[in-house]
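Asks: pasting a predicted model and its sequence here:
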Amino acid sequence: MTPARISSFLVKVASRCNLDCDYCYVYHHADQAWRSMPQVLSDEDRQAFARRLAEYARSIDLKRAAVIFHGGEPLLAGAASLCAFARLIRETAGPDIDIDIGLQTNGLLLDDEALDLFEAHGIGVSLSLDGPRAVNDLHRTTRRRRSSFDRVEAALERLKLRPGVFAGVIAVIDASTDPAELLEYFAGHAPPRVDFLLPDAHHGRPPPGRSADEDLYVRWLLRAFDTWLDHYPSLPVRSFEALLDAIMGLPSGTDAFGFGDVSLISVETDGTYHDLDVLKVVGNGTQLGGGVKDTSIAEAASSVRLEDHRRLLARSGLCATCQECAVVDICGGGAVPHRWSEGGFSNPTVYCREMKALIAHAQSRLSEALETEAGEPELDIDVDAFELAETGEAVMANLRENASRAHRESLDAALRYVAGQGGPAGQTALRILTLSAERLDSISWQPGVVAWSGVTLAARDGRTVCDVSGAPLSFDPDYVDDIERLCRSPIETPIVGADDRWLRRPFGDAIAFEPEEVADAARPLVEEALRILAAWRPALGREIAATSPAVQFIRDPTAHPDKIVSFSDDAVPGALFVSVRQGDGLIDAYDLADSLLHEHRHQKLYLFERRFPTTLPGDLVVSPWREDLRPVSGLFHAIFVFVELRRFWEHVLASGPPRMLTRARNQLADTERNLAQAFATLEQRQLTGAGEALAAVLRSRRAVSLAA
């Protein structure tokens, strides 16, 4: 197994706490190792960790990492000490590694002086708070069982005045309380994010209160979900948003839903490496072997214990009951600690009944919402003309104009927000806003600018946007300098291999981007591939140039070096992400033309779907091009792409160079077989009116050869 790629580090800076929360997995569950731990992480271990992180990041080309200061209560180590540690980590890592640093605190020691320091040192703060006084004081009290609420709520009020620091609230569910009261309380404070956690439990220690009332948590979760969806949908509740993402087939951003991989390790106050901290609830130890003084992070990432944990996050690592479950691709087996019994982790989560009920309920609510909507938008374009570049130029211009208006509005609003923050970035934003409407329209269409604008507006509204691995994307006001540089000269498209961080940040560490020397070598290849497409069909060349203005070079370190990969994402509309290396050299221009055309078709359909949704959410199907189950939208996209790629390879077979003829035959055989299966599956699924119309066009086009 390839070693885990670690990008997040939970560092225990203090092992003691100034509260005595009765559900705490550190102090009130099976693993009591904290009793023998040093009270704080030593200076020597802090220096060693900083060196290990810098060493590891360079060894795996990690460009971004997250460090979370944890405990116990991390503020027992002192705010100034934590800031010095943060500075040490970043200085040791150097300027090429972007390190997000945050801490999880109970808030008792969070005063304005500490917040001033955290603001100055770029440290985010997440607050532990279970709700209003009556809820919070059920469990979060001092050792003398006295209330902690007043001091914690005071910390909440301070954090609300520091949007650049406030990362959100974590609350543990007590199912005896009223979820409507809880949501009303948090909505009134409007934190940037709320994360509701089920009490840590497993088959040897069932959830509190459920033995007397087996439906206790089912009722609570369903009522909480309905209250949130019906009354507080603008409150970012991570657990519910993750559930909806998983239902839609998207990465959930939490280990409570969906499948994933280990990306985090912990460091205890004695400097030793440990697995996921909450695994302490099962009491079988979390040590990975070694510590920061004598063991590299790469060695810890390769440990047997971590490999065992990773297997539990894949479908193949689940028990037979879970593997045969109809909702396993949404649930993912549930959180690993919740699966444990005396026999190990080969069990459904102890919350299996609750997960099934919540997933079914959320799917039902989504279906109801679709059925009761005012109606689908009127399909006021010629779908038959849209599908072909030769007939769809006017339609595409109309779709681009609609999208461009939305992009321009977002850019203007994002620039105004940055301007309102003041400072050098605010002055730059004001200068950009004085540019001509034509220039701003052109800039707003650039994919990196679109992605940045969306995250900036989320920061303005107190929402959190995550990258594909679930890590929060931070507000980046300094990007206005890059936008201003774009404004100074004419934009020639496509922009190939640009060092644009907002073409890359939405993908976190999940995607590796090629270095500049590879980009330099590959730019002529992109020009050749685009010439191949334009010579074949000039209208298609014009369509790609107008709709997909950016090309980025990627690689998949986990794949075979001969495998050609590509992707696109509507988070960065108009950007095509393609691999250009195969083995020791560059790929063939015809293979690159295939990848560019493939991803452009995704972007073309994204543009259509912004006005006319094609599929309904909540259903997963088998796609002949993928091993895992996909949402219907993914299958629809694949059909839309491969109908066009079939035309391309027919052209290559008829008119391409001799070296590509065998490849063309193989591609056509695979494509025809997969399209037949895909269309058969699509016919069994309900689509929107626009989806039905476009599917009918694609079925008819499948039988037509443009090469004839």
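Replies: Structure's in. What do you need? Numbering: from 1, shown residues only.

Asks: hey, let's count contacts and neighbours off CA atoms from now on
Replies: Noted.

Asks: and the helices in the stretch 251-400 of the chain?
Replies: Ranges of helices within the stretch 251-400 of the chain are 297-301, 304-312, 320-323, 328-331, 352-372, 383-387, 393-421, based on DSSP state H, counting those that start in this stretch.

Asks: the last one: what's the following helix or strand?
Replies: If I follow you right, that is helix 393-421. Counting by DSSP states H and E, the next helix or strand C-terminal to helix 393-421 is helix 423-433.

Asks: closest to Pro624 out of the helices of the stretch 251-400 of the chain?
Replies: Proximity to Pro624 (C-alpha to C-alpha) singles out helix 328-331 among these, at 17.2 Å.

Asks: centroid-nearest residue for this structure?
Replies: Val468 (2.5 Å; C-alpha atoms, centre = their mean).

Asks: shouldn't that one be within a helix?
Replies: No. Counting by DSSP: H, G, I helix; E, B strand; the rest coil, Val468 is not found in a helix; it is coil.

Asks: adjust the sequence numbering to begin at 682 for everything that follows.
Replies: Noted, 682 is the first residue going forward, which turns the last one into Val1149.

Asks: on that earlier part again, quick one, which of the helices of the stretch 932-1081 of the chain is nearest to Leu1349?
Replies: With C-alpha to C-alpha as the criterion, Leu1349 lies closest to helix 1064-1068 of these, at 20.0 Å.

Asks: buried ones in the closest one?
Replies: Buried residues in helix 1064-1068, defined by neighbour count with 16 or more other C-alpha atoms under 10 Å: 1064-1068.

Asks: show me which of those residues is closest to Asp894.
Replies: Val1064 (54.6 Å).

Asks: now, of the helices of the stretch 932-1081 of the chain, which is deepest in the fold?
Replies: Among the helices of the stretch 932-1081 of the chain, helix 1009-1012 has the highest mean neighbour count (mean count of other C-alpha atoms under 10 Å), at a mean of 23.

Asks: for it, list the C-alpha coordinates in CSV.
Replies: Output of helix 1009-1012 as CSV, limited to C-alpha atoms (Å, rounded to 0.1, in the frame of the first residue of the first chain):
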residue,chain,number,x,y,z
VAL,A,1009,-23.1,2.4,2.1
ASP,A,1010,-21.7,4.8,-0.5
ILE,A,1011,-23.4,7.7,1.4
CYS,A,1012,-22.7,6.4,5.0
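
Asks: by contact count, what packs against it?
Replies: Helix 1009-1012 makes packing contacts with helix 919-928, helix 1033-1053 when contacts are defined by 3 or more C-alpha pairs under 8 Å, 6 or more residues apart in numbering; DSSP states H and E.

Asks: go again with 6 Å.
Replies: Packed against helix 1009-1012 by the contact rule (3 or more C-alpha pairs under 6 Å, 6 or more residues apart in numbering; DSSP states H and E) you find no helix or strand.

Asks: next one: it to chain centre, how far?
Replies: Taking C-alpha atoms, centre = their mean, to the nearest Å, one finds helix 1009-1012 lying 17 Å from the centre of the chain it belongs to.

Asks: okay, and the helix or strand of the chain with the least pLDDT?
Replies: Every helix and strand of the chain was ranked by mean pLDDT, DSSP states H and E. The lowest is strand 1310-1312, at a mean of 77.

Asks: ok, that one: who's next to it in the sheet?
Replies: With DSSP bridges as the test, strand 1310-1312 is paired with strand 1301-1303 (antiparallel).

Asks: give me the contact list for the partner strand.
Replies: Applying C-alpha atoms under 6 Å, 6 or more residues apart in numbering, the external contacts of strand 1301-1303 come out as 1310-1312.

Asks: tell me which element Tyr1271 falls in.
Replies: Tyr1271 is part of helix 1270-1292, with elements assigned from DSSP H and E.

Asks: now the angle between helix 1074-1102 and that helix, please.
Replies: Between helix 1270-1292 and helix 1074-1102, the angle comes out at 70 degrees (axes from the mean of the first three to the mean of the last three C-alpha atoms, to 10 degrees).

Asks: got the contact list for helix 1270-1292?
Replies: Applying C-alpha under 6 Å, 6+ apart, the set of residues contacting helix 1270-1292 is 1210, 1249, 1255, 1257, 1322.

Asks: repeat for stretch 1085-1105
Replies: Defining contact as C-alpha under 6 Å, 6+ apart, one finds that stretch 1085-1105 is touched by 1107, 1110-1111, 1122, 1125, 1134, 1137-1138.

Asks: same check on stretch 1190-1199?
Replies: Applying C-alpha under 6 Å, 6+ apart, the external contacts of stretch 1190-1199 come out as 1234-1236.

Asks: do the same with stretch 754-762
Replies: 694-695, 698, 786, 795.

Asks: again, only this time at 7 Å
Replies: Stretch 754-762 is contacted from outside by 694-695, 697-699, 721, 786-787, 790, 795, 798, using C-alpha atoms under 7 Å, 6 or more residues apart in numbering.

Asks: now the two most distant members of the residues you listed.
Replies: Pairwise distances across the contacts of stretch 754-762 (C-alpha to C-alpha) peak at 22.3 Å, for the pair Arg697 and Leu798.

Asks: among the two, which residue is more densely surrounded?
Replies: Arg697 (22 against 16; other C-alpha atoms under 10 Å).

Asks: if I look at the nearest residue to the more buried one once chain neighbours are set aside, how far off is Ala1200?
Replies: Excluding the flanking residues, the one nearest Arg697 by C-alpha to C-alpha, 6 or more residues apart in numbering is Gly753, at 4.6 Å. Note on Gly753: its distance to Ala1200, by C-alpha to C-alpha, to the nearest Å, is 47 Å.

Asks: those two: who's more crowded?
Replies: More neighbours surround Gly753 than the other of Gly753 and Ala1200, with 24 against 21 (other C-alpha under 10 Å).

Asks: the more buried one should be in a helix, yeah?
Replies: No. Under the criterion used here (three-state DSSP), Gly753 is coil, not part of a helix.

Asks: so what's it up against?
Replies: 695-698.

Asks: among these, which two are most distant?
Replies: Spanning the widest gap among the contacts of Gly753 are Ala695 and Cys698, at 7.9 Å by C-alpha to C-alpha.
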